[in-house]
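1. have a look; sequence and predicted model below, questions after that.
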Amino acid sequence: MVGTGYVGLVTGACFAEMGHHVICLDVDANKIATLNNGQIPFYEPGLEEIVKRNIEAKRLSFTTNYEYAVKHSYIIFLALPTPSSEDGSCNTTYVMKAAEEIAKHMTGYRLIVNKSTAEMGTVHKIQAHMKQMLSHKERPFHFGVASNPEFLKEGSAVQDCLKPDRIVVGTEDDKSLELLRNVYAPFTINHDCLISMDILSSEMTKYAANAMLATRISFMNEMAHICEKIGANINYVRKGIGSDNRIGYSFLYAGIGYGGSCFPKDVKALIHASERLGCPSQVLKAVDSVNNEQKLKMAYTIEKYFESKGGLKDKTIALWGLSFKPDTDDMREAPSLQLINFLKSKGATLRLYDPIAMAVAKNCLNDHTSIHWCKDEKHAAEGSDAIILVTEWKQFRLLDFGPIIKKMKGKAFFDGRNQYKACDMHAHGFDYYGIGVKPLVHKTE
Ligand SMILES: NC(=O)c1ccc[n+]([C@@H]2O[C@H](COP(=O)([O-])OP(=O)(O)OC[C@H]3O[C@@H](n4cnc5c(N)ncnc54)[C@H](O)[C@@H]3O)[C@@H](O)[C@H]2O)c1
């Protein structure tokens, strides 16, 4: 498993859990040292246990050494970063660099499987590059290539990986398909969810899946905006439409925009690819721009609220939740970051709390002036003029708001995830703002 990040480590550990022998390789020597000490470099529920168990069983090991890993592996998965380039296109530098290292150290047939989300054509690019490199060797080794996009979700990655809804496999020769069927056999005993297709379709499937999910979110955020204007409630609308089984309930939540390491970059990459191919995607351009606006919409609502109260300068704002979604410490493209920068630029002081992502958040924010790192959500609320719920961690669901509001300086609550009922929060004494719901604000004397 080349790349020992969220995807590589989880998949590698789950392969080992199913009985395969897995070598996880990474160029980050600190990460490998951490793993060799039995520690997990990021938070993912259930991962530590299976990593430890499989290290002990000698099915899972970690290295920075390509020569060793390539020599001792028959099937090599790539789970590498594919960030956005400046123009939004998919940057495949890491993937190509890894393919080069593999070709350099091959000692016989290998199957190279790309798990990283990469633009359509990447696997063929890997194939051509490796072929060219191997043609310079004394013995040109055969190799197979495949695309096998990953659909795990951070926060439930271990379960997603052990019990996948579907395993998409893109191959163009029988041997590669057969090898992948064998790798995944322990995962498909109960129901055969392996979907086999050609390589380009497999690469496109991953982009289309993420684009569809991002589209649902931006669509709901736009509907929420209309609801706010007319005084309707998006929470009812969501229930009303989700009950239609052609629509379903998943991914219908209005909020402060999607973030994370995948949706923003994958939507941008597909927009870029569609333009390059001469069939620009109007829908995805709108999805991206609605999301960019949505991330700051809450910030503008907060600014407006404080306009009549002397502005945001010297106000104290509490943020509950910092990671891009619950059950992860991943801060990549987290909406909290934009919100924090905006509020700081207006002179506000921030009291921040996240159940798991505090250490990662501290590393992400270069400037810690005007930031207080708090020990829990109640501590963050103390002395604040407003609370913003940014990430819907479960521990924020059932809180006793009476004592919380008593210790605040102000009484504003901005619910970025529509976790609370406006009337309940109003009854507690809050001026309540959600997304796509009518604000409930106490009259000023
Ligand atoms: N994170 C997710 O939820 C998720 C889900 C599905 C798909 N994906 C896709 O999977 C891929 C990996 O994502 P991730 O979140 O695991 O990334 P990550 O940044 O957490 O991990 C990538 C790892 O690769 C290592 N690396 C970089 N260059 C290397 C090289 N040349 N050789 C060996 N290791 C190298 C890095 O040090 C890092 O540890 C991306 O394409 C992403 O879009 C991610």
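-> Ah, there it is. Residues are numbered from 1 along each chain as shown.
2. distance of the residue nearest the centre of the chain from T117?
-> Residue closest to the average C-alpha location in the chain (Cα atoms, centre = their mean): G260, at 3.6 Å. Distance, G260 to T117, using Cβ to Cβ, to the nearest Å: 12 Å. For the C-beta atoms, the positions are set from N, CA and C on the backbone; glycine is no exception.
3. now for the residue nearest to the centre of the chain: which residues touch it?
-> 154, 324-325, 330, 332-334 (Cβ atoms under 8 Å, 6 or more residues apart in numbering).
4. what of I226?
-> A232.
5. just list what the helix or strand in which H372 is found packs against, helices and strands only.
-> Using DSSP states H and E, H372 falls within strand 371-373. The contact analysis (3 or more Cβ pairs under 8 Å, 6 or more residues apart in numbering; DSSP states H and E) places strand 371-373 against strand 349-353.
6. helix or strand right after the strand it packs on?
-> Scanning forward in sequence from strand 349-353 by DSSP H and E, the next helix or strand is helix 358-364.
7. what comes up buried for that next one?
-> Buried residues in helix 358-364, counted by 16 or more other Cβ atoms under 10 Å: 358, 360-361.
8. average pLDDT for that helix?
-> Average pLDDT, helix 358-364: 96.
9. oh, and call the first residue 51 from now on, that's how I've got it
-> Understood, numbering begins at 51; the last thing we discussed is helix 408-414.
10. now check that helix, is it near the ligand?
-> No. Helix 408-414 is not in contact with the ligand by Cβ under 6 Å from any ligand atom; minimum separation 11.7 Å.
11. near the ligand too, which of the contacts of G310?
-> When the contacts of G310 are filtered against the ligand using Cβ under 6 Å from any ligand atom, the residues retained are E204.
12. so can I have a markdown table of the contacts of G310 showing neighbour count and pLDDT?
-> Formatted as a markdown table, the contacts of G310 follow (neighbours: other Cβ atoms under 10 Å; pLDDT from 0 to 100):
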| residue | neighbour count | pLDDT |
| --- | --- | --- |
| E204 | 25 | 94 |
| F374 | 28 | 95 |
| K375 | 20 | 95 |
| D380 | 24 | 95 |
| R382 | 19 | 94 |
| E383 | 20 | 92 |
| A384 | 28 | 95 |
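13. between the contacts of G310, which sits nearest the ligand?
-> The nearest member of the contacts of G310 to the ligand, counting by Cβ to the nearest ligand atom, is E204 at 4.5 Å.
14. which residue is the nearest non-sequential neighbour of that closest one?
-> Excluding the flanking residues, the one nearest E204 by Cβ to Cβ, 6 or more residues apart in numbering is T378, at 4.2 Å.
15. burial count for the one you found?
-> Around T378 there are 26 other residues, counting by other Cβ atoms under 10 Å.
16. same deal with E343?
-> Per other Cβ under 10 Å, the neighbour tally for E343 reads 15.
17. just to be sure, it is in a helix?
-> Yes. Using DSSP: H, G, I helix; E, B strand; the rest coil, the assignment for E343 is a helix.
18. who in the stretch 151-300 of the chain is up against the ligand?
-> Residues of the stretch 151-300 of the chain found near the ligand (Cβ under 6 Å from any ligand atom) are 166-167, 200, 202, 204.
19. please enumerate the strands of the stretch 351-495 of the chain.
-> 366-370, 399-403, 421-423, 436-439, 462-465, 481-483 (DSSP state E, counting those that start in this stretch).
20. mind putting these into CSV with distance to the ligand, mean neighbour count and mean pLDDT?
-> Output for the strands of the stretch 351-495 of the chain, formatted as CSV (distance: least, Cβ to the nearest ligand atom, whole Å; neighbours: other Cβ atoms under 10 Å; pLDDT from 0 to 100):
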stretch, distance to the ligand, mean neighbour count, mean pLDDT
strand 366-370, 23, 26, 98
strand 399-403, 23, 23, 98
strand 421-423, 24, 17, 97
strand 436-439, 23, 26, 98
strand 462-465, 26, 26, 98
strand 481-483, 30, 23, 98
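21. excluding its backbone neighbours, what's nearest Y118?
-> In this structure, Y118 finds its nearest non-sequential neighbour in I73, 7.6 Å apart by Cβ to Cβ, 6+ apart.
22. that's a strand at the one you found, yeah?
-> Yes. Under three-state DSSP, I73 falls within a strand.
23. and the nearest residue to K121 once chain neighbours are set aside, how many residues sit next to it?
-> In space, and not counting its chain neighbours, K121 is closest to T157: 5.6 Å by Cβ to Cβ, 6+ apart. Neighbour count of T157, defined by other Cβ under 10 Å: 11.
24. same check on H241?
-> Neighbourhood size, H241 [other Cβ under 10 Å]: 10.
25. that one looks like it's in a helix, true?
-> No. Counting by three-state DSSP, one finds H241 to be coil, located in no helix.
26. roughly how far does it sit from I217?
-> Distance of H241 to I217, computed by Cβ to Cβ: 11 Å.
27. ok, I367 to I437 distance?
-> Using Cβ to Cβ, I367 is found at 8 Å from I437.
28. all helices of the stretch 151-300 of the chain, in order?
-> For the stretch 151-300 of the chain, applying DSSP state H, counting those that start in this stretch gives helices covering 172-185, 207-212, 224-234, 249-280, 284-292.
29. buried subset of the residues of the stretch 151-300 of the chain next to the ligand, written for PyMOL?
-> To isolate the buried members of those in PyMOL, using 16+ other Cβ under 10 Å:
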select buried, resi 166+167+200+202+204
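30. got any ranges where the protein has weak pLDDT?
-> Within the chain, the ranges that satisfy pLDDT under 70 run 187, 495.
31. single out the residue in it that lies closest to the ligand.
-> Using Cβ to the nearest ligand atom, the single residue of the chain nearest to the ligand is G55, 1.8 Å away.
32. so that residue sits against A129, correct?
-> Yes. If you go by Cβ atoms under 8 Å, G55 and A129 touch, sitting 6.6 Å apart.
33. out of the two, which sits in the busier spot?
-> Using other Cβ under 10 Å as the criterion, G55 and A129 rank with A129 on top: 27 against 18.
34. so that one touches V163, yeah?
-> No. Counting by Cβ under 8 Å, A129 stays clear of V163, with 9.6 Å between them.
35. list the residues that contact both of these two?
-> Common contact partners of A129 and V163 (Cβ under 8 Å, 6+ apart): none.
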